[in-house]
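Asks: quick check, what structure comes out for this input:
(chains A and B)
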Amino acid sequence: MMAALQQVPPMKPRSLEVEVAGLRGVTKTYGDIKALNNVDFSVRAGELVALLGPNGAGKTTAVKLLLGVAAPTAGTVNVFGGNPVNPGVRMRTGAMLQVGKVPETLRVREHVSLFSSYYLKPLPLTETLSIAGIESIKDRKFGELSGGQKQRVLFALAVCGDPDILFLDEPTVGMDVEARRALWQQIRNLVARGKSVLLTTHYLQEADSLADRVVVINQGSIIAEGTSAEIKAQTAGRRIRCVSRLELSSVRQLPGVLEVRQDREAMEIHAAEAEAVVRELLNCDPTLSALEVTSAGLEEAFLALTKENGGTGSVGIGHVGMDALGRPNQM
Amino acid sequence: MNSRPISATATIFAKEAYYELLKYIRIPMYAGSTLLFPVMFYILFGLVMNRDSSMGRIGVSTYLIATYGTFGVMGASLFANGIGVAVERGLGWMQVKRASPMPPFAYFTAKFFVSLVFSVTITLILLGLGLSFGGVHITLAAALTLIAILAAGVAPFCAMGLAIGFLTGPNSAPAAVNLIYLPLSFASGLWFPIEALPKFLQHLATYLPPYHLAQMALGVVGGGHSGSTGYHLEFLFGFTLLALGVAFIGYRRDEGKTYG
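Replies: Next up, the predicted model:
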C-alpha cells in the first residue's frame, strides 16, 4: 500500500475551490423507497472523491443522478454549472456503471472505437487501450472476457473521450488484487493530469488509498465527510486483539470499550483508549495471550459511524469488509 | 465548443448502425432463425406443396412471396427491437449509452437499420426462389415496388418492437414477442391465405397491422382482395404513431426506475 502511494506522480496545482459536480438538497425516491434523503455534496476540480457506503446506501443512485440518467425527486443536480442531461456536459463526462450485460459479440476495440466516436476530441485508440491495460485483448469478443477484463473495458469506455470528470461506480468489482492496483494507478494518473473523479466503493481500502476526500453514505444520507484521516479521527480509538477466556459480554461492560467481537479464536475490541482496557483485561485474565494493539482503521470508523446513524442489519463486516474476491453486488 | 459538426454526427450514426448489424450477424441463432423461418415456410408451402395451385388471380408461389415476406419483416423488426431493447434496457447497457454523449436517436436508427437489412434480404431471397423455382412471373417494376413496400413495412413493426422493448423486461420480452408474433401472423393470413380462415378471423384481421402490410404487398403482385392502398397506409401510419407513443411513455418512465 505505501509503495503504491509513493508512486503518485507529481501533482499539478489544483483549483480545489471550483465545484465541478454536486448535489444540492437532493432526494430521490423509488416508489416507497427513499434512496437518497436531502443529500448535499460536491466534487471540486482536480479532486478525487470516494463515496463510501454499504450496499443499498444510495451510492449508485447518486452517480445516476449526476450522469442525468435518473432525475431527482427533489433538489438540484449540477455538473459543470449545468444540467447533466445537457449534451455539452455529457461531452466532458465519462462514466463507468455497473452493467448486467454488454453486447457480447462485439470485439473490445470495436466497443472502444464506437464510444470514442461519441466525443469531440477522443484519445487515440491505442492510448485508451493502454490506459485501461487491454491492448492484449483488443481483438477478443466482449463475451469471452473474464469479469476483471470486462471491468477494464468498461473503464476504457469511460476514459476514451478524455473527459474532465469521471464517475466510476464500483470500478474494481470483480478484479483480482493486481488488476485493482493497476486500475488505482491509472485513476491516480488521471487525477494528476487534472481530471476530477467521483468513485463509489464499498472497499474501505480503496477509499483510504485513493481519495482526497471521503464521503460516507448510509441509508440514503451522508453521515461523514472529510479526508480519510479526518474520518478516522472522528472515531479515534484503538483496536485491541487478544486470545482470552473472558466472556464477550463481560468485556463489553469494561469502561472505554466501544465494541467487542469474536474473530475466530481471538477477541477484537474497539476502545477509545487502549491502556485502561488492557490493564483491566490483564487483571481479569492472567492467561490472556497474543495481545496486539493497533490504531483503529477506516473500517472501525465506518462501522462506528454507520452504527451511530442507526444502521442495522444492512451494515456489517460481511458487507463492508475488504472482499478480496470482489464479489459483484447489487446487480 | 461542444457542438458536434454534422460530419461527426453522421459518422456516429453510421458506426452505430454498422456495429449493430455486426452484433446480430455474429449471433447465428438470430441471423439464422430470422432468415430461415420465412424462407423455409416458403419453400415448403410455396414451392414443394402448392407450386402449381393458384390463389384467385395469382399462383400460390407468387401469393406467398407477399405474405411470407410480411412475416419475415415482422420477425426481423420485432426481434431486433423488442428483445434487443428489453435486454439492453433491463440489464443496464442502455444506461451506459444514455450517460455517454451519443445522440439518443442514433441508437434507435441503428436498430431500424438492422431490421431493414434483414427484411430486404428476406424479400430478395423469396423473390429469387420464386422466380427461379416457383414459376413466378412479375415485372421488374412490380418486384421493386414489392421490395420497397416490405422495406417501408419495417417502420410499424420497429415501433411495435420498441413498445414491447420498453414495456417488458429482459426475461419476459422473448415470450411476449412470440406470443404476439405467431398468433398475429396466423390471424393476419400470413401462413394460410386469409380466405381460408373462418369468417370472424377474416373480420378480426382488418384490425391487425400485418394484414394491412400483406394486403399492400399482394396488391403489387396482382392479389389482395379488399380495401384501397390508401386505407392500408392510413391504418399502418396510425398504428406506427400509436406504438411510438407507447414506446415514448416507456422511455420516459425509465428515468424513475432503478435496475440496481
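
Asks: could you use CA atoms for every contact and neighbour count after this?
Replies: Will do.

Asks: any idea which helix or strand comes after whichever strand or helix holds B:Gly219?
Replies: Per DSSP states H and E: B:Gly219 is located in helix B:209-220. Downstream of helix B:209-220, the next assigned helix or strand under DSSP H and E is helix B:229-253.

Asks: just the angle for the helix holding B:Gly219 relative to helix B:229-253, thanks.
Replies: 150 degrees (axes from the mean of the first three to the mean of the last three C-alpha atoms, to 10 degrees).

Asks: how about residues contacting helix B:209-220?
Replies: With contact meaning C-alpha atoms under 8 Å, 6 or more residues apart in numbering or on different chains, helix B:209-220 is reached by B:63, B:66-67, B:70-71, B:74, B:142, B:145-146, B:149-150, B:153, B:156, B:184-185, B:188-190, B:205-206, B:223-226, B:229, B:232-233, B:235-236, B:239.

Asks: weed out the non-buried ones from the residues you listed.
Replies: When these are checked for burial by 16 or more other C-alpha atoms under 10 Å in any protein chain shown, the buried set is B:63, B:66-67, B:70-71, B:74, B:142, B:146, B:149-150, B:153, B:156, B:184-185, B:188-190, B:205-206, B:223-224, B:229, B:232, B:235-236, B:239.

Asks: narrow those to those in helices?
Replies: Among the buried ones among the contacts of helix B:209-220, the ones falling in helices (DSSP state H) are B:63, B:66-67, B:70-71, B:74, B:142, B:146, B:149-150, B:156, B:184-185, B:205, B:229, B:232, B:235-236, B:239.

Asks: interface residues of the stretch 1-150 of chain B facing chain A?
Replies: Residues of the stretch 1-150 of chain B lying near chain A by C-alpha under 8 Å from any C-alpha of the partner chain: B:2-4, B:8, B:11-12, B:15-16, B:19, B:22-24, B:26-27, B:88, B:91-93, B:95-96, B:98-102.

Asks: please redo it, this time with the cut-off set to 6 Å
Replies: B:2, B:23, B:91-93, B:99, B:101-102 (C-alpha under 6 Å from any C-alpha of the partner chain).

Asks: can you flag the buried ones in these?
Replies: Here, 16+ other C-alpha under 10 Å leaves B:23, B:91-93, B:99, B:101-102 buried among the residues of the stretch 1-150 of chain B next to chain A.

Asks: can you read off the backbone torsions of B:Met102?
Replies: Backbone torsions of B:Met102, given as degrees, to the nearest 10, read phi -60, psi 130.

Asks: residues contacting it?
Replies: A:Tyr118 (C-alpha atoms under 6 Å, 6 or more residues apart in numbering or on different chains).

Asks: show me chain A divided up by domain.
Replies: When chain A is parsed with automatic domain parsing, its domains come out as A:2-92+A:164-232, A:237-295.

Asks: need those domains in CSV with mean pLDDT, can you?
Replies: Formatted as CSV, those follow (pLDDT from 0 to 100):
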stretch, mean pLDDT
domain A:2-92+A:164-232, 86
domain A:237-295, 85
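
Asks: just the ones you listed: most buried one?
Replies: domain A:2-92+A:164-232 (a mean of 20; mean count of other C-alpha atoms under 10 Å in any protein chain shown).

Asks: A:Val215 in helix, strand or coil?
Replies: strand (DSSP: H, G, I helix; E, B strand; the rest coil).

Asks: does it really touch A:Leu51, like I thought?
Replies: Yes - between A:Val215 and A:Leu51 there is a contact under C-alpha atoms under 6 Å: 4.9 Å.

Asks: any idea what sits nearest residue 73, other than its immediate chain neighbours?
Replies: Answering for chain A, as no chain was given. A:Lys28 (4.8 Å; C-alpha to C-alpha, 6 or more residues apart in numbering or on different chains).

Asks: switch to chain B, that's the one I care about
Replies: Counting by C-alpha to C-alpha, 6+ apart, B:Val73 lies nearest to B:Ser119, which is 4.8 Å off, once chain neighbours are set aside.

Asks: what comes up buried for the helix or strand encompassing that neighbour?
Replies: Assigned by DSSP H and E, B:Ser119 falls within helix B:104-133. Buried residues in helix B:104-133, counted by 16+ other C-alpha under 10 Å: B:106-116, B:118-127, B:129-130.

Asks: now stretch B:195-207 - C-alpha only, CSV.
Replies: Output of stretch B:195-207 as CSV, limited to C-alpha atoms (Å, rounded to 0.1, in the frame of the first residue of the first chain):
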residue,chain,number,x,y,z
GLU,B,195,-59.7,-16.5,-47.5
ALA,B,196,-59.2,-19.9,-45.9
LEU,B,197,-59.7,-18.6,-42.4
PRO,B,198,-63.1,-18.6,-40.5
LYS,B,199,-65.2,-15.5,-41.2
PHE,B,200,-64.7,-14.0,-37.7
LEU,B,201,-60.9,-14.2,-38.1
GLN,B,202,-61.2,-12.5,-41.5
HIS,B,203,-63.0,-9.7,-39.8
LEU,B,204,-60.5,-9.6,-36.9
ALA,B,205,-57.7,-9.4,-39.4
THR,B,206,-58.7,-6.0,-40.5
TYR,B,207,-57.6,-4.7,-37.1
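
Asks: mean confidence for that stretch?
Replies: Stretch B:195-207 comes out with an average pLDDT of 87.

Asks: could you list the buried residues of that stretch?
Replies: For stretch B:195-207, a neighbour-count test (16+ other C-alpha under 10 Å) marks B:197, B:201-202, B:205-206 as buried.

Asks: stretch A:140-158 and chain B, any residue contact?
Replies: No - Stretch A:140-158 stays clear of chain B (C-alpha under 6 Å from any C-alpha), getting no nearer than 8.5 Å.

Asks: average pLDDT for that stretch?
Replies: Rounded mean pLDDT across stretch A:140-158 is 93.

Asks: may I have it as PDB, with CA atoms only?
Replies: Extracted C-alpha coordinates of stretch A:140-158, given in PDB (Å, rounded to 0.1, in the frame of the first residue of the first chain):
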ATOM      1  CA  ARG A 140     -11.400 -10.600 -28.200                       C
ATOM      2  CA  LYS A 141     -15.200 -10.500 -28.200                       C
ATOM      3  CA  PHE A 142     -16.600  -9.000 -25.000                       C
ATOM      4  CA  GLY A 143     -18.400 -12.200 -24.100                       C
ATOM      5  CA  GLU A 144     -15.100 -14.100 -24.000                       C
ATOM      6  CA  LEU A 145     -13.600 -11.900 -21.300                       C
ATOM      7  CA  SER A 146     -13.200 -12.600 -17.500                       C
ATOM      8  CA  GLY A 147     -15.000 -10.400 -15.000                       C
ATOM      9  CA  GLY A 148     -12.000  -8.200 -14.300                       C
ATOM     10  CA  GLN A 149     -11.200  -7.800 -18.000                       C
ATOM     11  CA  LYS A 150     -14.800  -6.700 -18.600                       C
ATOM     12  CA  GLN A 151     -14.400  -4.100 -15.900                       C
ATOM     13  CA  ARG A 152     -11.300  -2.800 -17.600                       C
ATOM     14  CA  VAL A 153     -13.100  -2.500 -20.900                       C
ATOM     15  CA  LEU A 154     -15.900  -0.500 -19.200                       C
ATOM     16  CA  PHE A 155     -13.200   1.700 -17.700                       C
ATOM     17  CA  ALA A 156     -11.800   2.200 -21.300                       C
ATOM     18  CA  LEU A 157     -15.300   3.400 -22.400                       C
ATOM     19  CA  ALA A 158     -15.300   5.900 -19.500                       C
END
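
Asks: got the contact list for that stretch?
Replies: Stretch A:140-158 has contacts (C-alpha under 6 Å, 6+ apart) with A:94-96, A:104-108, A:112, A:128, A:132, A:174-175.

Asks: stretch B:122-134 too?
Replies: With C-alpha under 6 Å, 6+ apart, stretch B:122-134 has contacts from B:47, B:61, B:65, B:69, B:136.
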